[in-house]
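[1] A structural model of the following input is requested.
(one chain, ligands or ions: 1)
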Amino acid sequence: MLSNSNIAELLAQQAERETGILSRAFRRAARSAFLWPENAANLVEQNRPLTELRGIGPFIAKQLLRWIDKPPQLSKTIPDIRRNFISLAEARRQLAIKPGWSKKLRGDLQMHTRWSDGSGTIGEMVDAARERSYEYIAITDHSKGLKFAGGVDERALRKQSTEIAKLNSSASQLAGKFTILRSLELNLNVRGEGDMSSASLSALDLVLGSFHSSLRMIDDQTDRYLAALRNPNIQILGHPRGRIYNYRLGLKADWPRVFAEAARLGKALEIDCYPDRQDLSVDLLKVAREHGVLISLGTDAHHPWQLEFIDLGLAAALRARLPAQRIVNFMSTPDLKRWIQQLRDRRMRK
Ligand SMILES: [Zn+2]
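    The predicted model follows:
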């Protein structure tokens with residue numbers, strides 16, 4: 001049976017044969033295959049229309065049907081730019097075999113709201129998270145340097161913190177057990193420096209730092225990672241490689257050295273669970289496991305429904321056989337806060 005990952009590869013290859021609008025349609029469809037919750041082939045078996053799948057119109061559905069009826073020979077070599085991605089259907093199948101794993105999850109540590117380039121309010125993200133029985137979420141809007149993503153400056157961040165404080169007091173009245181963490185996706189330059197004042201960052205519960213520029217360099221970027229990890233203001237390094245499915249390969253580094261340094265500092269690297277990021281991927285997570293580094297899961301959701309992407313990160317961590325105690329999202333709220341406090345205290349002592 002043709003898996004959704006195979007379908008994605010067929011769609012991506014078809015995009016390369018087409019031009020213009022058709023090429024773009026196949027490219028887009030290839031990306032969306034990773035977030036279909038069920039196997040397309042199963043839908044066909046159940047006589048359901050393939051247009052039920054996200055991002056699939058009648059034209060592509062017809063092509064999919066032909067492939068599912070008569071699976072074409074797939075070349076074994078998937079290009080690196082499309083390799084090591086898990087489909088949501090695969091992830092769910094894998095997580096269903098070990099239901100205890102997903103149950104350990106307490107929250108999601110990367111998401112965006114209307115304060116930057118997300119579509120939901122903080123309240124809507126909270127509702128979506130509570131539906132998933134989370135204990136916490138981190139609101140990580142972009143920082144001011146990322147202008148095209150509507151990054152927030154120090155003043156906006158303070159206003160957002162006030163809104164979060166209000167919501168936290170009302171959320172705890174409702175459930176007594178939900179925390180919105182004041183956070184930020186701090187934009188880092190190639191020297192690992194952020195674009196916000198240290199004072200505004202220390203006022204937050206948690207800071208994620210990410211690179212959003214010079215992501216196509218082909219030489220070794222180890223120094224950039226070491227500098228980012230040593231930045232005293234951040235606790236988590238977001239979407240480390242900066243790869244995007246079928247678009248950007250991501251950066252190269254001496255990963256064992258990067259992971260060892262993160263482990264030494266007690267900081268976490270992220271699995272950005274967004275379907276076309278999946279960054280870190282399983283191959284690197286296996287290396288990370290050997291170095292004892294902490295791992296954080298973040299969906300990078302830009303809409304409330306996208307919190308479901310967390311399954312891609314859970315499955316990747318499971319596949320890489322990461323020990324549960326290394327995953328920061330498996331910590332309770334007090335333990336998570338204690339970990340962050342420890343990192344900050346260590347910084348003070350230096
Ligand atoms: Zn980002």
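
[2] wait, what's in contact with the nearest residue to F330 once chain neighbours are set aside?
    Take F330 and drop its neighbours on the chain: the residue closest to it by C-beta to C-beta, 6 or more residues apart in numbering is K104, 4.5 Å away. Just so you know, the C-beta spots here come from the backbone N, C-alpha and C atoms, and that holds for glycine as well. Applying C-beta atoms under 8 Å, 6 or more residues apart in numbering, we find K104 in contact with 324, 327, 330.

[3] which of those residues are buried?
    The neighbour count (16 or more other C-beta atoms under 10 Å) marks 327, 330 as buried among those.

[4] inside helices: which ones of the contacts of K104?
    Using DSSP state H, no member of those sits in helices.

[5] in JSON lines, list the contacts of K104 along with distance to N6 and pLDDT.
    Below are the contacts of K104 laid out as JSON lines (distance: C-beta to C-beta, whole Å; pLDDT from 0 to 100):
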{"residue": "A324", "distance to N6": "31", "pLDDT": "98"}
{"residue": "I327", "distance to N6": "29", "pLDDT": "98"}
{"residue": "F330", "distance to N6": "32", "pLDDT": "98"}
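
[6] ok, the contacts of K104 vs F85, which is closest?
    Set against F85, the nearest of the contacts of K104 by C-beta to C-beta is I327 (20.3 Å).

[7] could you check how far the closest one is from L109?
    Per C-beta to C-beta, to the nearest Å, I327 is found 10 Å from L109.

[8] what is in contact with the two at once?
    Joint contacts of I327 and L109 (C-beta under 8 Å, 6+ apart) are 296-297.

[9] all strands for the protein, in order.
    107-108, 136-139, 179-182, 185-188, 208-211, 236-237, 268-272, 294-298 (DSSP state E).

[10] rebuild those strands as TSV, extending it with mean neighbour count, distance to I60 and mean pLDDT.
    Compiled in TSV, those are given as follows (neighbours: other C-beta atoms under 10 Å; distance: least, C-beta to C-beta, whole Å; pLDDT from 0 to 100):
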stretch	mean neighbour count	distance to I60	mean pLDDT
strand 107-108	26	31	98
strand 136-139	26	34	98
strand 179-182	22	39	96
strand 185-188	26	33	97
strand 208-211	24	32	98
strand 236-237	26	36	98
strand 268-272	28	27	98
strand 294-298	26	30	98
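
[11] of all those strands, which one is nearest S32?
    It is, among the strands of the chain and with distance given as C-beta to C-beta, strand 268-272, at 17.7 Å.

[12] ok, the closest residue to Q221 other than its chain neighbours - contacts?
    Closest residue to Q221 apart from its sequence neighbours, by C-beta to C-beta, 6+ apart: L251 at 4.5 Å. L251 is in contact with 211, 215, 217, 221, 224, 241-242, counting by C-beta under 8 Å, 6+ apart.

[13] quick one, helices of the stretch 201-350 of the chain?
    Here the stretch 201-350 of the chain has its helices, by DSSP state H, counting those that start in this stretch, at 222-230, 255-265, 282-290, 310-319, 333-349.

[14] so how far is the longest one from its chain's centroid?
    To tie it back to what came earlier, the one meant is helix 333-349. 23 Å (C-alpha atoms, centre = their mean, to the nearest Å).

[15] next, the angle from it to helix 255-265.
    90 degrees (axes from the mean of the first three to the mean of the last three C-alpha atoms, to 10 degrees).

[16] sorry, back to before: any chance of the contacts of K104 in JSON lines, with distance to A149 too?
    Formatted as JSON lines, the contacts of K104 follow (distance: C-beta to C-beta, whole Å):
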{"residue": "A324", "distance to A149": "33"}
{"residue": "I327", "distance to A149": "27"}
{"residue": "F330", "distance to A149": "29"}
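
[17] which one of the contacts of K104 is nearest to R230?
    Once C-beta to C-beta is applied, the member of these that ends up nearest R230 is I327, at 22.8 Å.

[18] in the sheet, who's paired with the closest one?
    Here I327 sits in beta bridges with I295, going by DSSP bridges.
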